[in-house]
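Participant: Can you look at this prediction? I've put the sequence above it.
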Amino acid sequence: MSLNTAAQARSGPQPQTLSRNFRLFGIALRKLVWPAIPVAEFCKKSVQLDLKMACIGGVYDEDVFTAMGIRCRFRHVLAALLGPWVLCSALPAAEPIPDSDCLQCHEDRELTRTNAQGQTVSLYVDAAILKASRHATNTCWSCHSDIGPGHPDDGVAVRPVACAPCHSEQSETYGASVHGRAGLEGVPGVPTCQDCHGTHDIKSRGELSSRLSPTKLGTTCGACHEQEDRDVRESVHGTALAAGKRDAPTCTDCHLEHRIETLKGVAPAKISEQVCSQCHASERINARYRMPADRVKTFLGSYHGLAGRLGSTRAANCASCHGVHLILPSSDPRSSIHADNLVATCGKCHPGATSGFVAGRVHTDLSTGADVGSVVNRWVRRIYLVLIFGTIGVLATHNALIWWRKAAVTRQASLVAGEDRMDRNQRWQHLLLAVSFIVLAWSGFALKYPDSWVAWLLGADETIRRWSHRVAALVLVGLGVYHVFYLLLSTRGRALLRELLPARADWQEVRANTRYMTGRGPAAHPAHRFGYAEKFEYWAVVWGTIIMGVTGFMIWFPVVVSRVLPRWAVDVALTIHYYEAILACLAVLVWHFYHVIFDPDVYPLNWAFWTGRRPPVRPSLEATARPAGPSAGARPDGGTAGA
């Protein structure tokens with residue numbers, strides 16, 4: 001049956017209405033503000049790939065705007081402002097056509113048409129197959145809404161079906177694939193949705209009859225990639241899939257699904273770390289099929305793997321040795337890694353390679369290898385480990401003993417002539433502060449980074465890390481409360497508070513130290529018991545303890561907090577807690593450790609935390625290093641005036 005005959009067989013009213021044109025106003029406005037696809041990029045896809053934008057219930061072309069010859073973004077602004085008038089006058093649309101009207105013609109097995117290439121194409125639609133597909137609930141007009149009531153006698157060519165209205169995310173991803181980009185460049189024969197998914201017989205990937213099922217995907221892709229399909233079928237992957245092993249990779253496991261990638265010319269690290277490692281670094285797959293579990297790890301640790309990870313574009317990757325699609329076991333004479341073929345395989349990158357050169361192993365685990373090379377390497381490693389730990393241990397012990405003897409001298413000097421700094425009560429407070437701070441920092445970063453060495457030192461139990469952090473926090477908060485009472489109620493505490501309050505002398509010390517740092521004056525020493533450095537650190541500890549305490553309890557009791565504050569307040573508290581912890585740790589390392597360890601006036605250690613007394617202030621280094629000038633009346637020849 002021809003199309004003209006089919007048109008004459010149709011009967012019944014074909015009402016038209018302009019009411020649907022107002023939907024186009026919504027489409028234009030939607031495109032104006034839709035952030036998923038840039039406006040210009042969408043227009044390019046719409047025109048060149050013939051992708052259509054749609055609202056629910058109808059599909060309308062964007063080409064009406066293209067014909068106006070207006071730049072992309074201005075076109076959408078104009079559409080949003082003048083949409084109803086332009087669209088109502090330009091694009092009359094038809095009411096949905098019932099499926100029964102379509103099937104009057106398309107259920108005829110003999111219904112055909114001749115395409116532009118002169119080929120006869122069947123237009124038969126099997127309603128049973130359509131009802132068994134993923135689109136069983138769709139109507140014909142859901143996809144073919146550009147067909148009007150005068151079809152096929154109106155002479156309007158039927159446009160390709162647009163999948164983007166319902167599958168916008170997949171369409172956008174496809175546009176970025178090698179197929180989509182080729183379509184934008186005008187390459188003929190580029191596969192579209194229908195070539196891979198089918199037309200009326202679209203099935204879920206999990207159905208065995210689907211074109212995209214693992215057992216049939218090779219045939220689907222092989223329609224265009226015939227040689228690749230033959231190679232994969234002969235490879236270890238293809239034979240495993242044919243044997244029913246569903247974990248065996250198919251085309252889309254390596255090249256992705258809608259964002260189909262070519263792996264030619266990509267960075268070597270991508271092949272080894274992202275493509276092959278999906279299976280060969282999987283503990284589940286390696287254990288299930290009894291495959292070596294160290295292939296990715298040993299390769300990444302080899303020269304080739306390290307070069308690729310460091311950014312080399314010439315380093316060998318997995319495919320360089322094992323092949324791309326025709327991957328065969330080393331026992332197969334056709335394999336690129338068969339013993340007889342290794343010289344040729346390695347020679348591609350290493351001209352002049354010999355059988356002796358290729359005798360080395362790529363996937364070598366020194367801890368388990370039984371060959372001569374692995375055994376020798378293993379013993380060399382053991383000898384060097386003993387040598388390293390022994391040598392460095394002796395050197396460290398030597399320096400530690402010397403440091404301790406020198407520290408003992410400064411400790412004795414502080415007892416004899418040092419300055420009184422901390423009484424017993426204050427030293428106990430300092431000890432609790434130091435211990436709780438160390439535990440909090442350690443356990444806190446272990447909770448934040450559970451895979452780090454910091455967490456490993458505390459053990460694998462998250463409960464231990466969590467409760468050690470909480471107990472240390474309670475100790476710190478309790479110490480803070482005690483310290484407040486100590487400052488207010490004890491005589492020594494009130495005196496300490498007065499000495500730690502900012503004073504005018506602190507500003508004078510800052511100015512003097514500024515002159516000293518710029519070489520314009522001598523080193524400044526505090527006019528009172530505590531200088532600005534000690535006062536700054538003390539009040540920083542007070543401030544940090546309050547901040548960490550408040551945010552810590554908010555994180556500990558989020559349900560209680562969310563009853564009186566917005567839920568996001570807990571998230572903000574977590575952020576403050578994290579960055580305040582980093583600030584506190586760095587301040588201790590940079591500021592506190594300098595003043596109690598690395599300052600030449602107290603080096604190698606300020607023993608005030610232990611003895612309560614600070615070492616005596618040493619003479620200025622500049623004063624001791626400055627050569628003495630000639631005495632009054634001295635002559636250059638060594639005599640004196642008047643001699």
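Facilitator: That came through fine.
Participant: For G531, list the residues it contacts.
Facilitator: Listed by Cβ atoms under 8 Å, 6 or more residues apart in numbering, the contact partners of G531 are D506, E509, H525. All C-beta spots, glycine's among them, are computed from the backbone N, C-alpha and C.
Participant: wait, doesn't the first one sit right on W539?
Facilitator: Okay, so that is D506. No: counting by Cβ atoms under 8 Å, D506 stays clear of W539, with 11.6 Å between them.
Participant: Comparing these two, which residue is more hemmed in?
Facilitator: More neighbours surround D506 than the other of D506 and W539, with 20 against 13 (other Cβ atoms under 10 Å).
Participant: Okay, buried residues for the helix or strand in which the more buried one is found please.
Facilitator: When elements are assigned from DSSP states H and E, D506 belongs to helix 504-517. For helix 504-517, burial by neighbour count (16 or more other Cβ atoms under 10 Å) applies to D506, E509, A512, N513.
Participant: circling back: let me know the closest of the contacts of G531 to A370.
Facilitator: Closest approach between these and A370, by Cβ to Cβ: H525, at 69.2 Å.
Participant: Assign a three-state SS to that closest one, would you?
Facilitator: Per DSSP: H, G, I helix; E, B strand; the rest coil, the secondary structure class of H525 is coil.
Participant: how close does it sit to C321?
Facilitator: 70 Å (Cβ to Cβ, to the nearest Å).
Participant: Give me the more crowded residue out of the two.
Facilitator: It is C321, of H525 and C321, that has more neighbours when counted by other Cβ under 10 Å, with 18 against 12.
Participant: State the distance from that one to M291.
Facilitator: Distance of C321 to M291, given as Cβ to Cβ: 17 Å.
Participant: On the three-state scheme, the most centrally placed residue in the chain is what?
Facilitator: In the chain, the C-alpha closest to the average C-alpha coordinate belongs to Q274, at a distance of 13.3 Å (Cα atoms, centre = their mean). Applying three-state DSSP to Q274 yields a three-state assignment of helix.
Participant: just the strands in this protein please.
Facilitator: For the chain, the strands defined by DSSP state E cover 16-17, 53-55, 58-60, 93-94, 112-114, 120-122, 419-420, 613-614.
Participant: from the chain's centre, how far out does the longest helix seen in the chain sit?
Facilitator: Determined from DSSP state H, the single longest helix within the chain is helix 372-417. Taking the mean C-alpha point of helix 372-417 and that of its whole chain, the gap between them comes to 40 Å (Cα atoms, centre = their mean, to the nearest Å).
Participant: domains for the chain, by residue range?
Facilitator: The chain breaks down into these structural domains: 3-189, 197-327, 367-414, 418-618 (assignment by automatic domain parsing).
Participant: State the mean pLDDT of the longest one.
Facilitator: Per-region confidence: domain 418-618 scores 89 on mean pLDDT.
Participant: Export stretch 496-511 to CSV, keeping only CA atoms.
Facilitator: Output of stretch 496-511 as CSV, limited to C-alpha atoms (Å, rounded to 0.1, in the frame of the first residue of the first chain):
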residue,chain,number,x,y,z
LEU,A,496,47.9,36.5,86.9
LEU,A,497,44.9,38.1,85.2
ARG,A,498,46.2,41.6,85.9
GLU,A,499,49.6,40.7,84.4
LEU,A,500,47.9,39.2,81.3
LEU,A,501,45.7,42.2,80.5
PRO,A,502,46.9,44.4,77.6
ALA,A,503,48.9,47.4,78.6
ARG,A,504,50.5,50.5,77.0
ALA,A,505,53.9,48.9,77.5
ASP,A,506,52.9,46.1,75.1
TRP,A,507,52.5,48.6,72.3
GLN,A,508,55.9,50.1,73.1
GLU,A,509,57.4,46.6,72.9
VAL,A,510,55.8,45.9,69.5
ARG,A,511,57.3,49.2,68.2
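Participant: Centre of the chain to that stretch, how far?
Facilitator: 48 Å.
Participant: Okay, the residue nearest to the centre of the chain and H106: tell me how far apart.
Facilitator: To H106, Q274 is 45 Å away according to Cβ to Cβ.
Participant: Check L123 too.
Facilitator: Counting by Cβ to Cβ, the gap between L123 and H106 amounts to 6 Å.
Participant: What of K131?
Facilitator: K131 sits 14 Å away from H106 when distances are taken as Cβ to Cβ.
Participant: Of the two, give the one with the bigger neighbour count.
Facilitator: Relative neighbour count places H106 above the other of K131 and H106, with 19 against 11, counting by other Cβ under 10 Å.
Participant: The more buried one touches V125, doesn't it?
Facilitator: Yes: the criterion here is Cβ under 8 Å, and H106 meets it with V125 at 4.2 Å.
Participant: tell me the phi and psi of T192?
Facilitator: In terms of degrees, to the nearest 10, the main-chain angles of T192 are phi -120, psi -170.
Participant: what residues are up against it?
Facilitator: Taking Cβ under 8 Å, 6+ apart as the test, what T192 contacts is P160, H179, G183.
Participant: In helices, which of these appear?
Facilitator: The members of the contacts of T192 that map onto helices under DSSP H are H179, G183.
Participant: Distance to V564 and pLDDT for the contacts of T192 - can I get that in JSON lines?
Facilitator: Listed next are these as JSON lines, based on distance: Cβ to Cβ, whole Å; pLDDT from 0 to 100:
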{"residue": "P160", "distance to V564": "59", "pLDDT": "84"}
{"residue": "H179", "distance to V564": "55", "pLDDT": "93"}
{"residue": "G183", "distance to V564": "57", "pLDDT": "89"}
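Participant: out of the contacts of T192, which is most surrounded?
Facilitator: G183 (22 neighbours).
Participant: From R498, how far out is that residue?
Facilitator: Counting by Cβ to Cβ, the gap from G183 to R498 is 80 Å.
Participant: Same check on D108?
Facilitator: When distances are taken as Cβ to Cβ, D108 and R498 turn out to be 104 Å apart.
Participant: what about L496, neighbour count?
Facilitator: The number of residues packed around L496, counting by other Cβ under 10 Å, is 19.
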